[in-house]
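**Q** Got a sequence here, can you model it:
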Amino acid sequence: MAEEIKRTRLYDWHVRNKARTAAFGGYDMPLWYTSAKSEHLAVLTHAGLFDTSHMAAVVVAGADARDLMQWCFSNDLERAIGKSKAPLREGRCIYGAFLNPAGEVIDDAIVYQFDAACYMVVVNAAMGGPVADHLREQAGERQVTVTDLTDRLGKLDVQGPAAGRILSRILADPEAAFDGLFYFSFKGGWESDRSVSAPIRLKNGTPVLLSRTGYTGEFGFELFTAADDLVPVWKAIFAAGQDQGLIPCGLAARDSLRAGAVLPLSHQDIGHWPFMNHPWPFALPMDDAGSGFTKDFLGAGALGSIENPQYTYPFAGQDLRKVTLPAIVADEQDNVIGTVLTCATDVAIGRVEGRIFSVASPDKPADFKARGLSCGFVKVSQALPSGTRITLKDQRRSLPVTIVEDIRPHRTARAPIRSMLG
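**A** Numbers count the residues shown, from 1 in each chain. Just a heads-up that it's a prediction; the model follows:
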């Protein structure tokens with residue numbers, strides 16, 4: 001019997017605004033409204049509004065909550081924050097993954113610390129239950145409560161250079177909300193009894209959790225609300241952004257934006273293989289020398305004893321042409337060495353004399369036109385240095401691409417908030 005497809009609280013709004021929808025993670029979600037290209041470009045030039053309430057949240061609370069997270073989560077909560085290697089603390093969040101004993105990914109996640117005894121774990125669609133069950137199983141005798149909040153929260157993303165200006169119009173006290181809101185930090189809460197710093201409220205009094213995170217690589221915010229508040233909060237943001245170029249965006253633009261930003265899609269770019277040899281070493285507790293882990297955690301032993309390693313790399317093409325999955329990877333001698341995990345087109349970039357520029361690059365040539373480049377991730381059986389040429393092959397075409405360290409330049413996710421509010 002087919003599983004029933006769910007709908008978020010915003011489904012009727014999406015349909016009224018002519019979204020093309022499709023099933024994703026058990027939910028009927030917008031793919032695009034006008035086009036994936038226009039929505040992708042809007043996030044780099046103005047702002048995009050994403051319904052992300054299909055994602056799930058799990059709250060881990062209790063005297064032993066931090067100990068459980070240290071054991072189950074791949075990142076090190078005691079060395080989690082930036083170059084300072086400061087411990088995770090109230091109002092900060094980190095990216096990592098939950099692994100099984102074989103070191104394979106159950107799901108990736110962002111962990112938010114409310115206080116030393118309370119954490120919110122944001123995971124992917126349909127993963128709230130499996131991750132909550134995994135944490136309960138690993139809890140053992142620890143004093144901890146694990147609560148799955150699937151479909152009990154509203155969540156949306158406002159991404160792009162105008163995001164802060166748009167939110168400043170609907171926040172009751174934007175100055176206080178934005179003050180000290182660094183990348184991967186958050187304030188407020190969707191309930192008055194669970195809030196970091198002073199509550200963050202809209203002008204109509206609605207409480208929200210405001211987070212400097214997102215999945216596009218660009219400046220922006222994620223907002224969490226009570227489920228019943230999601231639709232009115234969405235409508236308020238949408239109205240406030242009309243003269244700022246804000247448009248609604250679907251999953252197609254999310255995928256192309258995150259691929260260009262070298263951000264993985266769980267269960268596609270990371271999955272049931274060892275969580276090693278990939279472009280996201282910051283999600284692992286590597287020591288300063290890069291030779292070992294700073295803590296023990298579930299799956300660590302398996303990661304340290306991989307016999308036949310595989311390697312995940314980002315790539316960029318020469319033009320906007322893509323391959324269709326499934327597709328293979330061949331080396332310059334036409335030997336098959338792996339598979340393509342993702343192949344998308346970042347329509348905001350292009351090559352000039354071999355160098356990749358973005359529509360947002362301050363040093364782009366005066367006559368630069370972004371014609372788009374294919375990009376994504378491959379998983380191969382051998383280590384490949386940056387600059388290696390490989391070929392992607394599907395049933396229709398062979399596509400030459402290059403292994404790269406980065407793809408879309410001059411991303412703004414880490415930009416100082418004050419620089420984006422002018």
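**Q** contacting residues for residue 115?
**A** When the contact criterion is C-beta atoms under 8 Å, 6 or more residues apart in numbering, the partners of residue 115 are residue 90. C-beta coordinates here come from the backbone N, C-alpha and C atoms, glycine included.
**Q** who does it bridge with?
**A** Beta-bridge partners recorded for residue 115 (DSSP bridges): residue 118.
**Q** And it, what's its pLDDT?
**A** Residue 115 is assigned 94 on the pLDDT scale.
**Q** so what's residue 294 closest to, chain neighbours aside?
**A** If the residues on either side of it in the chain are set aside, residue 294 comes closest to residue 285, at 4.4 Å by C-beta to C-beta, 6 or more residues apart in numbering.
**Q** how far away is that neighbour from residue 138?
**A** Look at residue 285 and residue 138: by C-beta to C-beta, to the nearest Å, they are 17 Å apart.
**Q** Over to residue 119?
**A** Applying C-beta to C-beta to residue 119 and residue 138 gives a distance of 14 Å.
**Q** So these two - more neighbours on which side?
**A** Using other C-beta atoms under 10 Å, the more surrounded residue of residue 119 and residue 138 is residue 119, with 24 against 15.
**Q** which ones are touching residue 128?
**A** Under the criterion of C-beta under 8 Å, 6+ apart, the contact list for residue 128 reads 56-58, 148-150.
**Q** Can you pick out the ones from these that are in strands?
**A** Counting by DSSP state E, the members of those that fall within strands are 56-58, 148.
**Q** average model confidence for stretch 13-23?
**A** On average, the pLDDT along stretch 13-23 is 97.
**Q** how about it: buried residues?
**A** Buried residues in stretch 13-23, defined by neighbour count with 16 or more other C-beta atoms under 10 Å: 13-14, 19, 21.
**Q** who's in contact with it?
**A** Residues outside stretch 13-23 that contact it (C-beta under 8 Å, 6+ apart): 5, 11, 28-33, 51, 231, 234-235, 248, 250-251.
**Q** do that again at 10 Å, thanks
**A** Counting by C-beta atoms under 10 Å, 6 or more residues apart in numbering, stretch 13-23 makes contact with 3, 5-8, 10-11, 27-36, 51, 230-231, 234-235, 238, 247-252, all of which sit outside it.
**Q** Counting neighbours, which of those residues end up buried?
**A** Buried subset of the contacts of stretch 13-23 (neighbour count, 16+ other C-beta under 10 Å): 6, 8, 10-11, 27-34, 36, 51, 230-231, 234, 238, 247-252.
**Q** circling back: dump the buried residues of stretch 13-23 to TSV, plus secondary structure and distance to residue 329.
**A** Shown next, in TSV, are the buried residues of stretch 13-23 (DSSP: H, G, I helix; E, B strand; the rest coil; distance: C-beta to C-beta, whole Å):
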residue	secondary structure	distance to residue 329
13	helix	41
14	helix	36
19	coil	34
21	strand	32
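**Q** Show me which of those residues is closest to residue 202.
**A** residue 13 (17.7 Å; C-beta to C-beta).
**Q** Name all residues that make contact with the nearest residue to residue 331 once chain neighbours are set aside.
**A** Taking C-beta to C-beta, 6+ apart, and ignoring the residues beside it in sequence, residue 331 has residue 337 as its nearest neighbour in space, at 5.2 Å. Residue 337 is in contact with 311, 328-331, 378-382, 384, 390-391, counting by C-beta under 10 Å, 6+ apart.
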